[in-house]
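[1] Need a 3D model of the following:
(2 chains)
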Amino acid sequence: MSHTIASTLLYLRLTTIKGWFTSRLRRLKQPKYLVGAVIGFVYIYSFFIRNLTQNGPRRPGTGTVAEALSFVPDIVAALLLLMIALNWIVPRGRAGLSFSEAEISFLFPAPIKRTTLIHYRLIGTLTTLVLTSLFLTLASGGWAVSGMSAWLRAVAWWVVLGTVSLHFTATSFVVTRLLDRGVTSLARGALGIAILVLAIGVPLVWTLMSLPAPTQEDLAGLPALARYFETALHSGPLPWLLAVPKLVVAPMFAADARAFALALWPALLVLAAHYAWVLFSAVSFEEASIARAEKRATKLAAFRAGNLRTTALKKLRDPFTLRDSGRPETAFLWKNLVAMGRLFTPRSALVAAAVVAVGCSWLVGADLRGGQAFVAVAATVVLPIVLFLGPMFARQDLRSDLKNSDILKTYPLDGATIVLGEMLAPIAVLSVMTWLALLAVTLLGPGEQIPAYVRILGALAVGVCTPFFCALQLVIHNGIALTFPAWVQSVSNHGEHGLDVMGQRLLFFAGMILLLALGLLPAALGAALTFFAVSWLVGPIVAAPLAWLVVLTILGVEIGAGVRWLGVRFARFDLSSELRP
Amino acid sequence: MIEVTGLSKVFGAFTAVRDLSFAVRPGEVLGLVGPNGAGKTTTLRAIAGIIPPTTGQVRLAGHDLLTDPVQAKRALAFFTDEPRLFDYLTVRQHLNFVARLYAVTDHEKIATPLLEELEIADRVESLPAELSRGMKQKLAIACGLLHSPQVLMFDEPLTGLDPLGIRRMKDSILKRAKAGASIILSSHLLHLLEEVCSHVLILKRGEKIADGTLAEIRARFGNGDANANLEEVFIRATGGSER
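    From the prediction side, this is the model:
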């Protein structure tokens, strides 16, 4: 690599990193990002850094625990070996390095040697892994059993991640060479399985044959079991197979700084060998790199658009016939149901309801108590998940359409109509899912304790409240998206991550919970007051439905006011100025 | 009819458009030109109701955009330089969706010839991802024209079109103008504007520096050359720089 090229690429790398940091710092000028950064820092400090600094370097565990954990390095090395072996078998495409589209545009046509490009990319990957290693060190702080400092553990993480990453790249290079020589994916898969059988299966059988079966004493406790595993990992050919993986993971489990220094050099040698392997593999990586960059750009664009499904789009049939006249909100419901996929149609909902009804009736008729209990418990678990988490994940509303806000705003519709129309699809889908779960619970509920008519009335009451409850949450989610569009991934202003973004997400979640509680409070108070007052005056038979009507009315008013406010906000909303740094 | 009076748009400390007034009568095609950053797109976005103006009034087909936005937008079609389409809707589904929003009755009778005119009739079941950029542009145009708008605004309409597509687009714009539509066309392709536009408005740093028919603009900035083309006029009018 010539000095000029190296310095140019270094300049590119450093300015990119500098630009990233500068843009994050500049963003902190906006109070909402500053608040997010402070909360993110406090969170990381409270949960990770404080533990590291307060507890200081940990002493190796003692007694039975230390004994039980003594075989962990061997287990980790075995897992590493298994992961590498699987990487050889699982079909992969041609060799490709993860260049960005901009890097491909500028660097591929530039007068730069291929090995220089590989150096550039590999160093870039290893640099990125520094941040990942730091994160993993913080996140795994509580697991530390050695006496090493956090910094040394970060280095150990980096060595492991770097070696695995380089090995995977080298694997793809070897595969490409095989493909270029006419070896098909199928043949390679068969070859890989053969290698796996030879490398793992045979030694395993060998080990099992040479190792006595565990006795009652071996299974008596954790230390005994640990000793047995340790013996197993040191029997037959396994020590030989695990030798190199153990070198790689050894720094992670060093007892102290001196042991770490001794373990680091062999691990670095393995890493360097992998680096050289990739560098001197003379295969064509350009084509696959371009394809990979395009695929990543498409995935990123889809993710930013709030669409977690990143596979190729399929033509989706109309969920129902959209007539030319009628409420415009229905058009948004139709559009978003199309986007949600072919499962989300009125017909599918009816079929699902029929399946649940027939299936549950059959379980009751056949007196299959175990099946009944299983389905009832599953439906009971699904209910709160759909009700509370569903609105967060069913994002086919304004959150996924903010990127189209320019075009939405040219439609002859007021903001509230657009907002309500956008929310209808998630409300419908979540309501139907809840109703299906309610149907199962009602049909399979404990008949002895709760009479059927009470179960049916209860299910009807909850079922009618469900769309209101979902709508209230969606008003909150869409309100946050319109107020802080940069917080919402659908319009993420580069899809980047950072302390401020983490803090924002925490704040977002806390805010959502708080707003939901505040939104439900009037309905709960109103219902309670109505119930007790009417119960006292007339009786609970009249009080219960009246309280239920009060809940619906208050939630309806809140949702109406929320949608109206969101409509005004949407009319004034300008995505480009919201995302202006 | 498009009537813009005292339009200004301020982003923080930056004034993107300052006190802009002009009118486009039925049958007129106004070419909006200016150097990069002159405020052309901001002007179009404000007139289309996408961003609220800081001050000023916009009337489309007689309806005030601020006080009666729904009626004003019913007369409008806005075409962005980058076609904005819904990823999961096919060509047919896009038209179905737009027809419902604008209450276009029996929309297929309008859509079919429109798709044939735009030469995408054979792609009705395609998703945007399966269309070329030019075809996406054509789909956006078909969606915009479905409700026969009286006010049309184009922001760089020829981006991504092939030569034949450009020719057809020019014809289409002139056809709509002859039918009585008021049209604003923003583009850097000055020869296109010369062919299509009846009027020109030159913006620089958010301010109007010239407004009138092509002949009037030539007379003002042509240095006495009655045959000066719009490019020469533009360079003289803007001083040959963005600043």
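[2] Residues in contact with stretch A:347-363: which ones?
    Residues from elsewhere that reach stretch A:347-363 (Cβ atoms under 8 Å, 6 or more residues apart in numbering or on different chains): A:342, A:371, A:372, A:375, A:432, A:435, A:436, A:439, A:440, A:443, A:444. C-beta coordinates here come from the backbone N, C-alpha and C atoms, glycine included.
[3] okay, those in TSV with pLDDT next?
    Shown next, in TSV, are the contacts of stretch A:347-363 (pLDDT from 0 to 100):
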residue	pLDDT
A:342	77
A:371	79
A:372	82
A:375	86
A:432	95
A:435	95
A:436	94
A:439	93
A:440	92
A:443	88
A:444	85
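[4] Mind picking the two most distant members of those?
    Greatest spatial distance among the contacts of stretch A:347-363 (Cβ to Cβ): A:342 and A:372, at 30.9 Å.
[5] So which of the two has more stuff around it?
    Between residue A:342 and residue A:372, counting by other Cβ atoms under 10 Å in any protein chain shown, residue A:372 is the more crowded of the two (20 against 14).
[6] What's the first helix or strand after the helix or strand where that one lies?
    Assigned by DSSP states H and E, residue A:372 belongs to helix A:369-384. Remark: after helix A:369-384, the chain's next helix or strand is helix A:390-393, criterion DSSP H and E.
[7] Helix or strand next in line after that next one, which one?
    Note on helix A:390-393: by DSSP H and E, the next helix or strand toward the C-terminus is helix A:398-401.
[8] Am I right that residue B:9 falls within a helix?
    No. Counting by DSSP: H, G, I helix; E, B strand; the rest coil, residue B:9 falls outside a helix, being strand.
[9] Identify the nearest residue to the residue in the stretch 451-581 of chain A positioned nearest to chain B in space, disregarding sequence-adjacent positions?
    Nearest residue of the stretch 451-581 of chain A to chain B: residue A:574, at 4.4 Å (Cβ to the nearest Cβ). Ranked by Cβ to Cβ, 6 or more residues apart in numbering or on different chains and with sequence neighbours excluded, the top spatial neighbour of residue A:574 is residue B:51, at 4.4 Å.
[10] That neighbour and residue B:44 touch, don't they?
    No. Checked against Cβ atoms under 8 Å, the pair residue B:51 and residue B:44 is beyond contact range at 9.9 Å.
[11] Sketch out the low-pLDDT regions of the stretch 251-400 of chain A for me.
    Judged by pLDDT under 70, the stretch 251-400 of chain A has its weakly predicted residues at A:282-284, A:286-288, A:291-315.
[12] mind running it again at 90?
    In the predicted model of the stretch 251-400 of chain A, residues A:251-261, A:263, A:277-319, A:324-325, A:339-346, A:361-382, A:384-385, A:388-389, A:392-396, A:399-400 satisfy pLDDT under 90.
[13] Which residue ranges of it form helices?
    A:257-279, A:286-304, A:328-340, A:346-365, A:369-384, A:390-393, A:398-401 (DSSP state H, counting those that start in this stretch).
[14] So which bits of the fifth one are buried?
    Neighbour counts using 16 or more other Cβ atoms under 10 Å in any protein chain shown place A:371, A:372, A:375, A:376, A:379, A:382, A:383 of helix A:369-384 among the buried residues.
[15] Could you give the secondary structure assignment for residue B:37?
    coil.
[16] Need the pLDDT of it.
    Looking at residue B:37, its pLDDT is 86.
[17] How many residues are close by residue 230?
    Chain wasn't specified; assuming chain A. Quick note: residue A:230 (other Cβ under 10 Å) scores 15 neighbours.
[18] To clarify, I was referring to chain B.
    When neighbours are counted by other Cβ under 10 Å, residue B:230 registers 25.
[19] For it, list the residues it contacts.
    Per Cβ under 8 Å, 6+ apart, neighbours of residue B:230: B:33, B:190, B:191, B:193, B:194, B:200, B:214, B:217.
[20] hmm, back to that, out of the buried residues of helix A:369-384, which two sit at the greatest distance?
    Largest separation among the buried residues of helix A:369-384 by Cβ to Cβ: A:371 and A:383, giving 18.7 Å.
[21] Quick one: mean pLDDT over the strand or helix carrying residue A:460.
    Element membership of residue A:460 [criterion: DSSP H and E] is helix A:452-483. Averaging pLDDT along helix A:452-483 gives 90.
[22] How about the secondary structure of residue B:153?
    strand.
[23] Same question for residue A:513.
    Residue A:513 is classified as helix under three-state DSSP.
[24] still on that earlier bit, of the contacts of stretch A:347-363, closest to residue B:1?
    Of all those, residue B:1 sits closest to residue A:342, with 45.6 Å by Cβ to Cβ.
[25] who's in contact with the spatially closest residue to that closest one that is not a sequence neighbour?
    In space, and not counting its chain neighbours, residue A:342 is closest to residue A:316: 5.6 Å by Cβ to Cβ, 6+ apart. Shown in contact with residue A:316 (Cβ under 8 Å, 6+ apart): A:338, A:339, A:341, A:342, B:88.
[26] any chance of these in TSV, plus distance to residue B:4?
    What follows is the contacts of residue A:316, written out as TSV (distance: Cβ to Cβ, whole Å):
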residue	distance to residue B:4
A:338	37
A:339	36
A:341	44
A:342	46
B:88	36
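[27] Strands of chain B, residue ranges please.
    Secondary structure of chain B, counting by DSSP state E: strands at B:2-11, B:14-24, B:29-33, B:55-60, B:63-64, B:76-79, B:151-155, B:182-186, B:199-204, B:207-213.
[28] count of neighbours near the closest residue to residue B:20 other than its chain neighbours?
    Leaving out its chain neighbours, the residue that sits closest to residue B:20 by Cβ to Cβ, 6+ apart is residue B:7, at 4.3 Å. Here the count is done by other Cβ under 10 Å, and residue B:7 has 23 residues near it.
[29] Kindly report the same for residue A:191.
    14.
[30] before we move on, which element is it in?
    Assigned by DSSP H and E, residue A:191 belongs to helix A:185-196.
[31] what about the residue nearest to residue B:20, distance to chain A?
    For residue B:7, the distance to chain A equals 15 Å [Cβ to the nearest Cβ, to the nearest Å].
[32] Give the full set of residues in contact with that residue.
    B:17, B:19, B:20, B:21, B:43, B:46, B:47, B:53, B:55, B:56, B:57, B:58.
[33] Please apply the same query to residue B:91.
    B:115, B:120, B:123, B:124, B:125, B:126, B:131, B:139, B:142.
[34] Buried residues, the longest helix seen in chain B. List them.
    With secondary structure taken from DSSP state H, chain B has its longest helix at helix B:163-178. With burial defined by 16+ other Cβ under 10 Å, the residues of helix B:163-178 counted as buried are B:165, B:168, B:169, B:170, B:172, B:173, B:174, B:176, B:177.
[35] Near chain A, which residues of chain B are found?
    Taking Cβ under 8 Å from any Cβ of the partner chain as the test, the list of chain B residues beside chain A reads B:11-12, B:45, B:48-52, B:69-74, B:76-78, B:80, B:84, B:86-90, B:93, B:96-97, B:99-107, B:125, B:127, B:129.
[36] Go again with 6 Å.
    Proximity of chain B to chain A is confined to B:11, B:48-52, B:70, B:73-74, B:78, B:84, B:88, B:90, B:96-97, B:99-101, B:103, B:105, B:107, B:127, B:129 under the rule Cβ under 6 Å from any Cβ of the partner chain.
[37] are any of the residues you listed buried, and which?
    Using 16+ other Cβ under 10 Å as the burial test, these include B:48-52, B:73-74, B:78, B:84, B:88, B:90, B:96-97, B:99-101, B:107, B:127 as buried.
[38] Tell me how far residue A:97 lies from residue A:127.
    Distance of residue A:97 to residue A:127, given as Cβ to Cβ, to the nearest Å: 14 Å.
[39] ditto for residue A:343
    Going from residue A:343 to residue A:127 by Cβ to Cβ gives 43 Å.
[40] Repeat that for residue B:235.
    Residue B:235 sits 47 Å away from residue A:127, taking Cβ to Cβ as the criterion.
[41] Pull out the buried residues from the lowest-mean-pLDDT helix or strand in chain B.
    Of all helical and strand segments in chain B, the minimum by mean pLDDT, DSSP states H and E falls on helix B:230-238, at a mean of 82. Applying a neighbour-count criterion of 16+ other Cβ under 10 Å, one finds B:230, B:232, B:233, B:234, B:237, B:238 buried in helix B:230-238.
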